[in-house]
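Peer 1: pasting the sequence and the predicted coordinates here, then a few questions.
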Amino acid sequence: MEKTIAGKTITVNEEGYLTNFSQWDRSVAEELAKEAELTLTPRHWDVIAYLQDEHKKDSPLSIRKVGKSGVVDIKEFYALFPNAPLKTATKIAGIPKPASCI
């Protein structure tokens, strides 16, 4: 399925997650954040960078793991990405929905 995000044609799955990470850039992330009613701050970008690094390592993601990352604690993670923080953050980061998310 294709979707136009930030003036680019992006391939997404039925839940709106990018299926080709090479199509991701900061402008795509900003647009996805707007859809989630978020304005990205430097703290959001820190979390996004961490999630992308873990994804590149094929390391499974969970809220607990993010909370123990040293990048952000669980309370701040929920404050940055309210309403399903891991699903929202990974979508904005351009990576697949973690298996730990329903």
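Peer 2: Great, that's in hand.

Peer 1: what about the helices in this structure?
Peer 2: Under the criterion DSSP state H, helices of the chain are mapped to 26-35, 42-56, 63-67, 74-80, 85-93.

Peer 1: which of the ones you listed sits most buried?
Peer 2: Highest mean neighbour count among these (mean count of other Cβ atoms under 10 Å): helix 85-93, with a mean of 23. Every C-beta, even on glycine, is put in place using the N, C-alpha and C of the backbone.

Peer 1: helices or strands up against it?
Peer 2: Under the contact criterion of 3 or more Cβ pairs under 8 Å, 6 or more residues apart in numbering; DSSP states H and E, helix 85-93 touches helix 26-35, helix 42-56, helix 63-67, helix 74-80.

Peer 1: would you turn those helices into JSON lines with distance to Ile95?
Peer 2: Converted to JSON lines, the helices and strands packed on helix 85-93 look like this (distance: least, Cβ to Cβ, whole Å):
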{"stretch": "helix 26-35", "distance to Ile95": "11"}
{"stretch": "helix 42-56", "distance to Ile95": "4"}
{"stretch": "helix 63-67", "distance to Ile95": "13"}
{"stretch": "helix 74-80", "distance to Ile95": "16"}
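
Peer 1: thinking again about what came up before, of the helices of the chain, which is nearest Tyr17?
Peer 2: Set against Tyr17 and scored by Cβ to Cβ, the helices of the chain come closest in helix 85-93, at 5.5 Å.

Peer 1: all good on my end, thank you.
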